[in-house]
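Engineer: sequence and predicted structure are below.
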Amino acid sequence: MATTGLRRFAATMMAATALLHLYVAFIAEPHEYIDEYPWLGVLFTIGSAAGFGVAWRLWTRASPAAWTIGTLIAAGMFVGYVISRSVGLFGFYEDYFPWTGTLSLGLEAAFLIAWEIAGRRAPEEVLPGFARRMLAGAASDMTVVIQPEAQPEAEPRDASPGMRR
């Protein structure tokens, strides 16, 4: 397994982000994530449960499915945080950046970077079969054969202008 260290690093990042989301939803700000916006509390709980599952799976074995689900979780949480701090997310808008949010962005970015590096080193351990086939097909479709343009045949030249027959 070429990516065991990266898998375990990514598993640690995913477990940490899952734990952080549970902390925010149930300990740091339960009034906001359970009382005012219960749908956010549900999303944090589902995302955390899925994140712990992904972390366990990545820690124990190479799993393209775990990498894919983990990437969706990390990217979704990252984008959700940015949207909630910029234009708002279904009525939820915050204009401050708590330390938990900044830490979460860092953990999620670290997971995504590990996914990218692992995918380059060992795509068979990271990418699902259909994605590998799709990328292989795209690569073969992008093969370009460059043929030189046909040059028009040169017309015979007359002798130099000073030499007339």
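Structural biologist: Sure, I can see it. Residues are numbered from 1 along each chain as shown.

Engineer: need the contact list for L6.
Structural biologist: With contacts defined as C-beta atoms under 8 Å, 6 or more residues apart in numbering, L6 is in contact with 114, 117-118, 121. (Each C-beta comes from the backbone N, C-alpha and C, glycine too.)

Engineer: okay, those in JSON lines with secondary structure, neighbour count and pLDDT next?
Structural biologist: Written out in JSON lines, the entries for those read as follows (DSSP: H, G, I helix; E, B strand; the rest coil; neighbours: other C-beta atoms under 10 Å; pLDDT from 0 to 100):
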{"residue": "A114", "secondary structure": "helix", "neighbour count": "27", "pLDDT": "94"}
{"residue": "I117", "secondary structure": "helix", "neighbour count": "15", "pLDDT": "92"}
{"residue": "A118", "secondary structure": "helix", "neighbour count": "24", "pLDDT": "91"}
{"residue": "R121", "secondary structure": "helix", "neighbour count": "12", "pLDDT": "85"}
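
Engineer: from these, which is closest to S104?
Structural biologist: The shortest distance between S104 and any of the contacts of L6, using C-beta to C-beta, involves A114 and amounts to 15.8 Å.

Engineer: quick check: the gap between the closest one and A11.
Structural biologist: Distance from A114 to A11, counting by C-beta to C-beta, to the nearest Å: 9 Å.

Engineer: same question, S63
Structural biologist: 10 Å.

Engineer: more crowded one of the two?
Structural biologist: Neighbour totals were compared for S63 and A11, and A11 leads with 23 against 17 (other C-beta atoms under 10 Å).

Engineer: could you check how far that one is from A28?
Structural biologist: Taking C-beta to C-beta as the measure, A11 and A28 are separated by 24 Å.

Engineer: now F52: which helix or strand?
Structural biologist: Assessed by DSSP states H and E, F52 sits inside helix 38-60.

Engineer: which residues touch that helix?
Structural biologist: Outside of helix 38-60, the residues within contact range by C-beta under 8 Å, 6+ apart are 7-8, 10-12, 14-15, 17-19, 21-22, 24-26, 30, 32-34, 63, 65-67, 69-70, 73, 76-77, 80, 90, 92.
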